[in-house]
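K.L.:
Sharing a model that was predicted from the sequence below.
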Amino acid sequence: MYNYILSDLGFFVLRFSVGIILIAHGIPKIRTRKAPFTTGWKNLLLGIWELLGGFLLVAGLWMNFVATGLAIEMLGAIYFHILVWKQVFKGGWELPFLIFCALILLALTGGGNWRIII
């Protein structure tokens with residue numbers, strides 16, 4: 001027998017943890033507006049998107065749209081880590097890759113039924 005409560009709990013934990021990681025990565029981009037790969041306004045937009053997307057993931061709102069958009073952003077982060085900064089064997093690309101995989105899972109499944117009701 002399939003346990004829907006545990007499944008929804010698992011999706012909530014995944015959404016919450018990925019959302020908190022994205023919020024934690026978005027705040028410094030907004031505060032400093034400096035990064036080695038973008039100009040200030042691009043970094044500000046990425047920070048706002050990560051912050052807003054992280055809050056929406058935690059809340060469980062617009063899951064397919066938000067998870068897909070953030071997954072596309074993580075593809076850009078993986079690209080920069082591997083091809084631009086040449087960190088293939090030095091590390092640094094694993095976290096964006098793991099977040100990308102989690103976001104694809106959330107985009108395909110909808111992230112479970114536990115969410116804020118609007």
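P.N.:
Yes, it's here.
K.L.:
mind checking pLDDT for residue 36?
P.N.:
If you check residue 36, the pLDDT there is 55.
K.L.:
OK, contacts around residue 100?
P.N.:
Residues near residue 100 by C-beta atoms under 8 Å, 6 or more residues apart in numbering: 71, 74, 75, 78. The C-beta positions use only the backbone N, C-alpha and C, and glycine is treated the same way.
K.L.:
Narrow those residues to those that are buried.
P.N.:
Among the contacts of residue 100, the ones that count as buried by 16 or more other C-beta atoms under 10 Å are 71, 74, 78.
K.L.:
List just the nearest of the residues you listed to residue 15.
P.N.:
Taking C-beta to C-beta as the measure, residue 15 lies nearest residue 71 of these, at 13.5 Å.
K.L.:
Buried residues of the helix or strand that contains that closest one, list them for me.
P.N.:
Using DSSP states H and E, the secondary-structure element containing residue 71 is helix 63-79. Using 16+ other C-beta under 10 Å as the test for burial, helix 63-79 gives 63, 66, 67, 68, 69, 70, 71, 73, 74, 77, 78.
K.L.:
Stretch 78-96 now?
P.N.:
Buried positions in stretch 78-96, judged by neighbour count with 16+ other C-beta under 10 Å: 78, 80, 81, 82, 93, 96.
K.L.:
all helices for the protein, in order.
P.N.:
Assigned by DSSP state H, the helices in the chain fall at 4-32, 40-59, 63-79, 94-109.
K.L.:
Format the ones you listed as CSV; extra columns: distance to residue 116 and mean pLDDT.
P.N.:
Below are these laid out as CSV (distance: least, C-beta to C-beta, whole Å; pLDDT from 0 to 100):
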stretch, distance to residue 116, mean pLDDT
helix 4-32, 11, 91
helix 40-59, 5, 89
helix 63-79, 12, 94
helix 94-109, 16, 94
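K.L.:
Redo those helices as TSV? Include distance to residue 115.
P.N.:
Formatted as TSV, the helices of the chain follow (distance: least, C-beta to C-beta, whole Å):
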stretch	distance to residue 115
helix 4-32	8
helix 40-59	6
helix 63-79	8
helix 94-109	12
